[in-house]
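1. Pasting the sequence and the predicted coordinates here, then a few questions.
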Amino acid sequence: MSGFSVGADPLDGATIATLIEALELGPFTMVTTVAQTLDSLLVDNYGMAEWKVRAVKSDGTTFDRTVRAEHNGLASADATLTQSSAIGTGISSELTDITVDLNGVGVAQVMRLRMTFTYGAGTWKVSTWRLPQKPPQYA
């Protein structure tokens, strides 16, 4: 029998790491000054989202951010406004641009997590994890 049961041993570090890795979107290779969409989700299915973003440059410079976003759309009406915030560590936020925007209309409208680096020249490896959120009808 598989799955979790009451009284089962707590998850160990290796299991947790495997579960987190399974949620990873990417990794992406990004060059500076070029905007890239890291993730997108349907507005009708998600009223809000939270992402963990980690970027590492070839010289070892790191950047960690937690991005939270929400929109004002409904299943019966397109979103016209999105609000987001990003907090974290690493290089200054003035050297990066993390945005969450809206794209498309109707049932195809999405909320996109986008990122642009302006920090020096070089290539970044970016990993993103979207934390599960309840759909708006269940929030």
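-> Structure's in. What do you need? Numbers count the residues shown, from 1 in each chain.
2. show me what contacts the residue nearest to the spatial centre of the chain?
-> With distances taken as CA atoms, centre = their mean, Trp51 lies nearest the centre of the chain, 3.1 Å away. Taking CB atoms under 8 Å, 6 or more residues apart in numbering as the contact definition, Trp51 lies against Leu38, Asp39, Thr66, Val67, Leu113, Thr128, Trp129, Arg130, Leu131. (C-beta placed from N, C-alpha, C; glycine too.)
3. again, only using 7 Å
-> With contacts defined as CB atoms under 7 Å, 6 or more residues apart in numbering, the neighbours of Trp51 are Asp39, Val67, Leu113, Thr128, Trp129, Arg130, Leu131.
4. what about the third one, which helix or strand?
-> Secondary structure assignment for Leu113, by DSSP states H and E: strand 110-117.
5. got the residue ranges for the strands in this protein?
-> In the chain, the strands defined using DSSP state E lie at 24-31, 36-42, 48-57, 62-71, 82-90, 96-103, 110-117, 123-131.
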